[in-house]
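# this one's sequence-less:
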């Protein structure tokens, strides 16, 4: 992080099967997040805030079963928040602020079900209530 990296996050990242932490915040990375992130079964932390990332949040990220923190805030990600994030049962922090995300996160949906008492998600931030209508987000 803070390395002034440019370019994209390469699809080859999926080859790093033992990768536990991905910290690339505050760089100049652009382009989409590769769906290959979902192949990283040892991944616990993805902190990629404050870059120039575009496109949608890949639904395959929901395959990262032990992911505890996912923070792509302050990028240019668009589309809706994928319900597949609701499969991340170990997730404690989900930061989606300052993107171009839209849609609704319903209280009875899979992402809100990650909140206590049934789940571990204690920090969930979006651009609610304007672009994203979220019934279980933190202010």
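On my side now, so go ahead. In this text the structure is predicted, and so the values were computed from the model without any measurement. Numbering: from 1, shown residues only.

# Poorly predicted segments of the protein, please.
Along the chain, the model assigns pLDDT under 70 to residues 1, 128-129, 139.

# how about the strands in it?
Using DSSP state E, the strands assigned to the chain run over residues 6-8, 21-23, 28-31, 45-47, 52-55, 69-71, 76-80, 93-95, 100-105, 123-125, 132-134.

# Mean neighbour count added to the ones you listed, as a markdown table?
Any C-beta I mention is one placed from the backbone N, CA and C, and that applies to glycine too. Supplementary listing: the strands of the chain in a markdown table, determined by neighbours: other Cβ atoms under 10 Å:
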| stretch | mean neighbour count |
| --- | --- |
| strand 6-8 | 12 |
| strand 21-23 | 15 |
| strand 28-31 | 15 |
| strand 45-47 | 19 |
| strand 52-55 | 17 |
| strand 69-71 | 21 |
| strand 76-80 | 15 |
| strand 93-95 | 20 |
| strand 100-105 | 16 |
| strand 123-125 | 17 |
| strand 132-134 | 19 |
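
# Those strands: which one's closest to residue 115?
Ranking the strands of the chain by proximity to residue 115 (Cβ to Cβ) places strand 123-125 first, at 7.2 Å.

# Give the other helices and strands that that closest one contacts.
strand 93-95 (3 or more Cβ pairs under 8 Å, 6 or more residues apart in numbering; DSSP states H and E).

# for the strand it packs on, packing partners?
strand 69-71, strand 123-125.

# okay, these in CSV with distance to residue 41 next?
Compiled in CSV, the helices and strands packed on strand 93-95 are given as follows (distance: least, Cβ to Cβ, whole Å):
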stretch, distance to residue 41
strand 69-71, 15
strand 123-125, 23
